[in-house]
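K.L.:
got a sequence here, can you model it:
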Amino acid sequence: MKNKFKYSFILATVTLASGCSSLGVEPWERDLLAKEQMALTSSPIDSALDDHIYFSKEASSGGKSFGGGGCGCN
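P.N.:
Purely as a prediction, here's the structure:
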């Protein structure tokens with residue numbers, strides 16, 4: 001029973017470790033990721049409006065890059 005657990009643990013560890021072996025973007029794949037369809041936001045104007053509404057309701061300023069006070073007195 002211990003050997004079966006040991007082998008299954010080793011197999012799971014090797015499987016998880018090999019899953020991280022292909023991280024990153026290869027140079028020949030970058031042209032596909034630079035296409036307009038691959039953008040995270042489909043409309044930058046809508047995204048800016050959503051950010052404005054979010055931070056107006058949160059009573060903070062500065063966008064996502066740095067934190068502001070919850071009271072809005074930055």
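K.L.:
longest helix of the protein?
P.N.:
When the chain is parsed with DSSP state H, its longest helix is helix 2-19.
K.L.:
next, the buried residues of it.
P.N.:
Under the neighbour-count criterion of 16 or more other Cβ atoms under 10 Å, helix 2-19 has nothing buried. Placement of C-beta: from N, CA and C, glycine included.
K.L.:
what element comes up after that helix heading to the C-terminus?
P.N.:
With elements assigned by DSSP states H and E, the helix or strand that comes after helix 2-19 is helix 30-33.
K.L.:
state the next helix or strand along the chain beyond that next one.
P.N.:
helix 44-58.
K.L.:
average pLDDT across that next one?
P.N.:
For helix 44-58, mean pLDDT is 81.
K.L.:
run the chain-centre distance for that helix.
P.N.:
Its chain's C-alpha centre and that of helix 44-58 lie 19 Å apart, by Cα atoms, centre = their mean, to the nearest Å.
K.L.:
low-confidence ranges, the protein, go.
P.N.:
Residues of the chain meeting the criterion pLDDT under 70: 20-21, 58-74.
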